[in-house]
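K.L.:
sequence and predicted model, in that order:
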Amino acid sequence: MKLVILDRDGVINYDSKQFIKSPAEWRPIPGSLEAIARLNQAGYKVVLATNQSGVGRGLFDMDTLNAIHDKMCRAVQGCGGRIDAIFYCPHSVDAHCACRKPKPGMYARIAGCFNVDLTGVPAVGDTLRDLLAAAAVGAQPLLVLTGLGAQTVEAGGLPEGTLVFPDLAAATEHILLSS
């Protein structure tokens, strides 16, 4: 099975220091929805792994998170694509859960649900925690410079073998050429 794991905020949609707290605040990054559709058309399953600590902080509830994800999925469908599954960590930072990136818990759940070894699976993110979680399970970390990506490069400490791209569209081009 061909699989790609994506972070949400900063990769698919614009991020906000105040969190994306409503469907109205969710805005796609140009080219990201079409990139997902291109992956689907090439036979890839597209799965999200996203920290959503706004739930644990009480900034929004599960109904709102579901409404945000519904808007995102409908937008992707409007471009001819689909998101096959969404895995999220609703816990706050101080909950010390196993699923919040940089811990690899969400990735382990993805591997179990799809019955797949994640070694070499492209995992696209814009933060060091995204890349560390991917590297911990042997996935191929891909950093995009959208969202917090440029600051992540400046801070350094990227996992060995991390590939860097301007945005999800460019990362998708690389994935498709490499498959």
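P.N.:
Now that the structure is in, tell me what you want to look at. Residues are numbered from 1 along each chain as shown.
K.L.:
list the helices and strands the longest strand seen in the chain packs on?
P.N.:
Counting by DSSP state E, the longest strand found in the chain is strand 44-51. Packing partners of strand 44-51 (3 or more Cβ pairs under 8 Å, 6 or more residues apart in numbering; DSSP states H and E): strand 2-6, helix 32-41, strand 85-89, helix 105-114, helix 128-136. Glycine gets a C-beta too; all of them are placed from N, C-alpha and C.
K.L.:
and of the ones you listed, who's closest to residue 158?
P.N.:
Of all the helices and strands packed on strand 44-51, helix 128-136 sits nearest to residue 158, with 6.1 Å by Cβ to Cβ.
K.L.:
for the chain, what helix or strand is lowest in average pLDDT?
P.N.:
helix 53-56 (a mean of 91; mean pLDDT, DSSP states H and E).
K.L.:
dump the C-alpha coordinates for it into PDB.
P.N.:
Presented in PDB, the C-alpha positions along helix 53-56 are these (Å, rounded to 0.1, in the frame of the first residue of the first chain):
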ATOM      1  CA  SER A  53      -4.100  20.600  22.000                       C
ATOM      2  CA  GLY A  54      -6.700  23.400  21.600                       C
ATOM      3  CA  VAL A  55      -9.300  20.700  22.700                       C
ATOM      4  CA  GLY A  56      -7.300  19.800  25.800                       C
END
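K.L.:
please save the CA atoms from the helix or strand that that helix is followed by in CSV.
P.N.:
Remark: after helix 53-56, the chain's next helix or strand is helix 62-78, criterion DSSP states H and E. Taking Å, rounded to 0.1, in the frame of the first residue of the first chain, the C-alpha atoms of helix 62-78 are listed here in CSV:
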residue,chain,number,x,y,z
MET,A,62,-14.7,17.9,19.7
ASP,A,63,-17.8,19.0,17.7
THR,A,64,-15.8,22.1,16.5
LEU,A,65,-12.8,20.0,15.6
ASN,A,66,-15.0,17.6,13.7
ALA,A,67,-16.6,20.6,11.9
ILE,A,68,-13.1,21.9,11.0
HIS,A,69,-12.1,18.5,9.6
ASP,A,70,-15.4,18.2,7.7
LYS,A,71,-14.7,21.6,6.0
MET,A,72,-11.2,20.4,5.1
CYS,A,73,-12.4,17.1,3.7
ARG,A,74,-15.1,18.8,1.6
ALA,A,75,-12.5,21.2,0.3
VAL,A,76,-10.2,18.4,-0.7
GLN,A,77,-13.1,16.5,-2.3
GLY,A,78,-13.9,19.7,-4.3
